[in-house]
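*Asks:* everything below, folded, please.
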Amino acid sequence: MRVSIKLYEIMRSCKDYGLKDQMQRAAVSIPSNIAEGFERQTNKEFIQFLYIAKGSCGELRTQLSLAKEFKYITDEDSTELISKTRQLSSMISNFIKTRKQIQSAPTFPPSAFRLPHNHE
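*Replies:* Residues are numbered from 1 along each chain as shown. Have a look, this model is predicted:
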């Protein structure tokens, strides 16, 4: 969410409304898709939404590079936000790996956890 807030702050005065809108949508999409995926019923759905959030990180990095080239944002702001989106992508990737491990973990029937009865 901090990336979204920072982006809104630095793009406040940008008059390129098309790029500004796309960047803001991508930035908001990252935490929104994580939250939406978390609320879904299955781990598989959650993973799919994590992939979408990760894709939005890549989309935003591209748009930040464009905004820098067009001189809409400073090199410093661009570098900071690109770095943060790379960190987010890495974190999301690790989260996806963890969720996939949970998904592929063997399941045991409830009877597997019962202790044998002692007939003494």
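*Asks:* tell me which residue is most central in this protein.
*Replies:* In the chain, the centroid-proximal residue (Cα atoms, centre = their mean) is Ala53; its distance is 3.6 Å.
*Asks:* surely that one is in contact with Glu36?
*Replies:* No - under the criterion of Cβ atoms under 8 Å, Ala53 is not in contact with Glu36, lying 9.1 Å apart. Bear in mind the C-beta positions are built from the backbone N, C-alpha and C, glycine included.
*Asks:* mind listing what's buried along the longest helix anywhere in the chain?
*Replies:* In the chain, taking DSSP state H as the definition, the longest helix is helix 75-104. For helix 75-104, burial by neighbour count (16 or more other Cβ atoms under 10 Å) applies to 77-78, 80-82, 84-85, 88-89, 92, 95-96, 99.
*Asks:* then stretch 1-11?
*Replies:* Val3, Ser4, Leu7, Ile10, Met11.
*Asks:* between the helix or strand the third one falls within and helix 75-104, how many degrees?
*Replies:* Under the criterion of DSSP states H and E, Leu7 resides in helix 2-10. The directions of helix 2-10 and helix 75-104 differ by 150 degrees, with axes from the mean of the first three to the mean of the last three Cα atoms, to 10 degrees as the criterion.
*Asks:* how about the residue nearest to the centre of the chain, secondary structure?
*Replies:* helix (DSSP: H, G, I helix; E, B strand; the rest coil).
*Asks:* what's around the nearest residue to it once chain neighbours are set aside, how many residues?
*Replies:* Among residues not flanking Ala53 along the chain, Asn33 sits closest, at 4.0 Å (Cβ to Cβ, 6 or more residues apart in numbering). Residues lying near Asn33 (other Cβ atoms under 10 Å) number 20.
*Asks:* which other helices and strands contact the one helix or strand Asn33 maps to?
*Replies:* Here Asn33, judged by DSSP H and E, is contained in helix 17-38. The contact analysis (3 or more Cβ pairs under 8 Å, 6 or more residues apart in numbering; DSSP states H and E) places helix 17-38 against helix 2-10, helix 43-69, helix 75-104.
*Asks:* appreciated, that's everything.
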